[in-house]
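Chemist: with the sequence up front, the predicted model follows.
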Amino acid sequence: MLYAYKAIDASGRSVLGRADAANLHDLEQRVRRMGLDLVVGAPARGRSASAAHASIRRQDRIHFCFHLEQLIAAGIPILDALGDLRDSAENHRLRAVIAAVADAVEGGQTLSQALAEQPEAFGKVFVGLVRVGEQTGKLPEVLKSLAAQMKWEDELAAQTRRIMLYPAFVGGIVALVTVFLMIYLVPQMTGFLRNVGQEVPLQTRILVEVSAFFVDFWWAIIACPIAAWFAIRAAARADPSIQYALDRYKLALPFVGPIVRKIVLSRFASSFALMYASGITVLDAIRSSEDLVGNRPLAAALRTAGQQIAEGKTIAAAFEDTGLFPPLVVRMLKVGENTGALDTALANVGYFYDRDVREAIGRMQAMVEPVLTLVLGAILGWVMLAVLGPVYDSIARLRF
């Protein structure tokens, strides 16, 4: 039965949570194993125990894999290793997840079966690799590879955020300066420009009209991009074809598109190499990779390639026929097939793309700042020319 409970940790802070237990006494024992003292517990309604555990951070999964691998490699039984991890976990959510896994293992389940009961914390690929490690007797090696893979994914995610955040930050500054000029500075000088006593130049009239538009419709200028963002996200969730089109558009974007493609292919190659090296079949690895690439056109291409491989076509030929995988990937797949070292070939692909992504992000960051500085300089130059031009003309016509 699922119980909701309130407990107190060692520092005296209240902790709310949910756990499966046979009765209140069993609940108290389970909570105590998490390093907590039960205050009150009662049967919960609604969500299942696995859904009660929200998704844990990637860093928590990395630490879980690293420490579990170290303990198992040292000869400590899995149940004792899980108990040590549960007792040493500082994050209450992670502690609850490990406690649930330890209880399941203590009840007779394998580690992979226990992890599968926490789908919000451990995905299908994670559980599948652990299962293969159990079956082959290479669980420590699999856990070590998983930790390394997740560290790489964490670095890759940070690189992806840098692609978006840096231009957005600098572009936001340019946008704020432009709004300040149009809403505050230019209106302050509009009255003066109209009283100059001569015909106002074209660039000045355009500036005045643009400023008036900003003053009258500033709310629309701010609201429209936000509304468009949420509308596109809602439409993409409601219609898979829209999400497919957006993913294809990301790959076709100038400058950013090639980087996104390399990130996706690097993620695919590294994940595929890890699964294949762990003993997962090619077709199963391809099916799992469909959920990992994070891009619908490439996921569809993987699905098509998997179908062709199942029909008897070679791996390299199947990937080449999709038309979405570059020659480097196809060539390395062919080398891997011929040499029997497919995992090594794909790991090299991931390494090459990872290096290219780092270099491309560095080049883009080096280009964005001067380009946006030029844009800001052009806007300021236009404002100065439109405002000061009529003033200089008036002064030049004065006769002393």
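Modeler: That came through, no problem.
Chemist: kindly export stretch 291-302 (C-alpha atoms) in PDB.
Modeler: Only the C-alpha atoms of stretch 291-302 are listed here, as PDB (Å, rounded to 0.1, in the frame of the first residue of the first chain):
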ATOM      1  CA  ASP A 291      14.400   8.000 -28.000                       C
ATOM      2  CA  LEU A 292      17.900   9.400 -27.200                       C
ATOM      3  CA  VAL A 293      18.600  11.500 -30.300                       C
ATOM      4  CA  GLY A 294      16.000  14.100 -29.400                       C
ATOM      5  CA  ASN A 295      15.300  14.900 -33.100                       C
ATOM      6  CA  ARG A 296      12.200  13.400 -34.900                       C
ATOM      7  CA  PRO A 297      13.600  13.400 -38.500                       C
ATOM      8  CA  LEU A 298      16.800  11.500 -37.300                       C
ATOM      9  CA  ALA A 299      14.700   9.200 -35.100                       C
ATOM     10  CA  ALA A 300      12.600   8.400 -38.100                       C
ATOM     11  CA  ALA A 301      15.700   7.800 -40.100                       C
ATOM     12  CA  LEU A 302      17.000   5.400 -37.400                       C
END
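Chemist: please state the offset of that stretch from the chain centre?
Modeler: Distance, stretch centre to chain centre, for stretch 291-302: 15 Å (C-alpha atoms, centre = their mean, to the nearest Å).
Chemist: contacts for it, please.
Modeler: Residues from elsewhere that reach stretch 291-302, judged by C-beta atoms under 8 Å, 6 or more residues apart in numbering: 123-125, 240, 243-244, 247-248, 250-251, 260, 264-265, 267-268, 271, 286, 289-290, 319, 322-325. Backbone N, C-alpha and C define where each C-beta goes, glycine included.
Chemist: so how far is Q113 from A81?
Modeler: Between A81 and Q113 the distance is 16 Å, computed by C-beta to C-beta, to the nearest Å.
Chemist: quick one: least confident helix or strand in this structure?
Modeler: The weakest-scoring helix or strand in the chain, judged by mean pLDDT, DSSP states H and E, is helix 49-52 (a mean of 42).
Chemist: quick one: average pLDDT of the helix or strand just after that one?
Modeler: Using DSSP states H and E, the helix or strand that follows helix 49-52 in sequence is helix 58-73. Mean pLDDT, computed over helix 58-73, is 86.
Chemist: swap in stretch 272-291?
Modeler: For stretch 272-291, mean pLDDT rounds to 82.
Chemist: now do stretch 84-101
Modeler: Across stretch 84-101, pLDDT averages out at 80.
Chemist: residues making contact with it?
Modeler: Identification of contacts with stretch 84-101 by C-beta under 8 Å, 6+ apart yields 9, 15, 17, 19-20, 30, 33-35, 49, 53-54, 56, 60, 64, 67-68, 71, 76, 82, 102, 111, 114-115, 117-118, 121.
Chemist: span of that stretch from start to end?
Modeler: End-to-end distance for stretch 84-101, by C-alpha to C-alpha, to the nearest Å: 13 Å.
Chemist: can you pull the buried residues of that stretch?
Modeler: By neighbour count on 16 or more other C-beta atoms under 10 Å, the buried set for stretch 84-101 is 84-86, 89, 92-101.
Chemist: now these as a markdown table including secondary structure?
Modeler: Putting these into a markdown table (DSSP: H, G, I helix; E, B strand; the rest coil) gives the following:
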| residue | secondary structure |
| --- | --- |
| D84 | helix |
| L85 | helix |
| R86 | helix |
| A89 | coil |
| H92 | helix |
| R93 | helix |
| L94 | helix |
| R95 | helix |
| A96 | helix |
| V97 | helix |
| I98 | helix |
| A99 | helix |
| A100 | helix |
| V101 | helix |
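Chemist: break this protein down into its domains, please.
Modeler: If you go by automatic domain parsing, the domain ranges for the chain are 2-52, 58-137, 138-400.
Chemist: worst mean pLDDT among those?
Modeler: Least confident of these, judged by mean pLDDT, is domain 2-52 with a mean of 71.
Chemist: from the chain's centre, how far out does that one sit?
Modeler: Offset of domain 2-52 from its chain centre (C-alpha atoms, centre = their mean): 32 Å.
Chemist: cool, and stretch 153-161?
Modeler: 7 Å.
Chemist: and the one residue sitting closest to the centre of the chain, how far is that from R58?
Modeler: When C-alpha atoms, centre = their mean is applied to the chain, the residue found nearest the centroid is A157 (5.3 Å). Relative to R58, A157 is positioned 8 Å away (C-beta to C-beta).
Chemist: and what of R205?
Modeler: Distance from R205 to R58, counting by C-beta to C-beta: 55 Å.
Chemist: cool, and A74?
Modeler: From A74 to R58 the distance is 25 Å (C-beta to C-beta).
Chemist: with neighbour numbers in mind, choose between those two.
Modeler: Taking other C-beta atoms under 10 Å, A74 and R58 do not tie; R58 has more neighbours (13 against 9).
Chemist: residues in contact with that one?
Modeler: Applying C-beta under 8 Å, 6+ apart, the residues near R58 are 150, 153-154, 157.
Chemist: burial of V186, as a residue count?
Modeler: Neighbourhood size, V186 [other C-beta under 10 Å]: 22.
Chemist: distance of it from P258?
Modeler: Note on V186: its distance to P258, by C-beta to C-beta, is 39 Å.
Chemist: D343 now?
Modeler: For D343 relative to P258 (C-beta to C-beta), the value is 26 Å.
Chemist: what are the ranges of the strands in the stretch 1-150 of the chain?
Modeler: Ranges of strands in the stretch 1-150 of the chain, per DSSP state E, counting those that start in this stretch, are 2-8, 14-20, 37-43.
Chemist: nearest to R131, out of the ones you listed?
Modeler: Evaluated with C-beta to C-beta, the strands of the stretch 1-150 of the chain place strand 14-20 nearest to R131, the distance being 22.1 Å.
Chemist: tilt between that closest one and strand 2-8?
Modeler: Here strand 14-20 runs at an angle of 150 degrees relative to strand 2-8 (axes from the mean of the first three to the mean of the last three C-alpha atoms, to 10 degrees).
Chemist: just checking, what packs against strand 14-20?
Modeler: For strand 14-20, the packing partners by 3 or more C-beta pairs under 8 Å, 6 or more residues apart in numbering; DSSP states H and E come out as strand 2-8, helix 24-33, helix 49-52, helix 92-106.
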